[in-house]
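Peer 1: Sequence and predicted structure, then a few things I'm wondering about:
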Amino acid sequence: MNKKLPDIFANPIEKNFHNTQDTYYGKLNDSSRTDHRSIEEKINSIFASKGFVYKSKVRIELAKETKICTLVGKTDKTLLTMENETILISDIIDIEVI
C-alpha cells in the first residue's frame with residue numbers, strides 16, 4: 001500500500017531580497033568596563049588576593065598591544081613576568097586576571 005503524497009506547489013520567487021547583513025563590525029573585548037579603579041589599585045588587588053601564591057595569569061593592555069603573561073612579582077615601577085620581561089606600570093592601560 002504505497003500512498004502517494006500530495007503534490008506541493010511553490011510560487012517562484014522573482015524578486016531580490018535585501019534583508020541580510022553582509023558585514024558586521026565588532027570588538028572581541030567590550031570596551032565599556034565597569035571597573036573604575038586605578039591601575040595601581042588593580043595591580044595591588046592581584047598581588048593581595050587569596051588566589052595569588054606565586055604567580056597569576058593576566059591580560060595586560062598596553063598602548064600598542066595586548067599581552068597575556070604570568071606575573072610573578074612587582075617593583076615600584078615595573079611588573080615582573082615569568083617570561084623574564086619587565087613591564088612598566090606607567091605603560092599599562094588596563095590589567096585583568098584571566
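Peer 2: Looks like it arrived, so ask away. All of these numbers come straight from a predicted model, not from anything done at the bench.
Peer 1: Helices of the protein, start to end?
Peer 2: 39-48 (DSSP state H).
Peer 1: where in it is pLDDT low?
Peer 2: For the chain, the stretches flagged by pLDDT under 70 are 1, 27-34.
Peer 1: which helices and strands does the longest strand along it pack with?
Peer 2: In the chain, taking DSSP state E as the definition, the longest strand is strand 66-74. Contacts defined by 3 or more C-beta pairs under 8 Å, 6 or more residues apart in numbering; DSSP states H and E place strand 66-74 against helix 39-48, strand 56-62, strand 78-81. Every C-beta, even on glycine, is put in place using the N, C-alpha and C of the backbone.
Peer 1: could I get those as JSON lines with distance to residue 72?
Peer 2: Putting the helices and strands packed on strand 66-74 into JSON lines (distance: least, C-beta to C-beta, whole Å) gives the following:
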{"stretch": "helix 39-48", "distance to residue 72": "10"}
{"stretch": "strand 56-62", "distance to residue 72": "8"}
{"stretch": "strand 78-81", "distance to residue 72": "6"}
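Peer 1: closest to residue 4 out of these?
Peer 2: strand 56-62 (63.5 Å; C-beta to C-beta).
Peer 1: Give me the angle between that closest one and helix 39-48.
Peer 2: 170 degrees (axes from the mean of the first three to the mean of the last three C-alpha atoms, to 10 degrees).
Peer 1: Adjacent strands (with direction) for strand 56-62?
Peer 2: Taking DSSP bridges as the criterion, strand 56-62 forms sheet pairs with strand 66-74 (antiparallel), strand 92-97 (antiparallel).
Peer 1: okay if I get the ones you listed as JSON lines plus distance to residue 18 and mean neighbour count?
Peer 2: JSON lines is the format used below for the strands paired with strand 56-62 (distance: least, C-beta to C-beta, whole Å; neighbours: other C-beta atoms under 10 Å):
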{"stretch": "strand 66-74", "distance to residue 18": "37", "mean neighbour count": "15"}
{"stretch": "strand 92-97", "distance to residue 18": "40", "mean neighbour count": "15"}
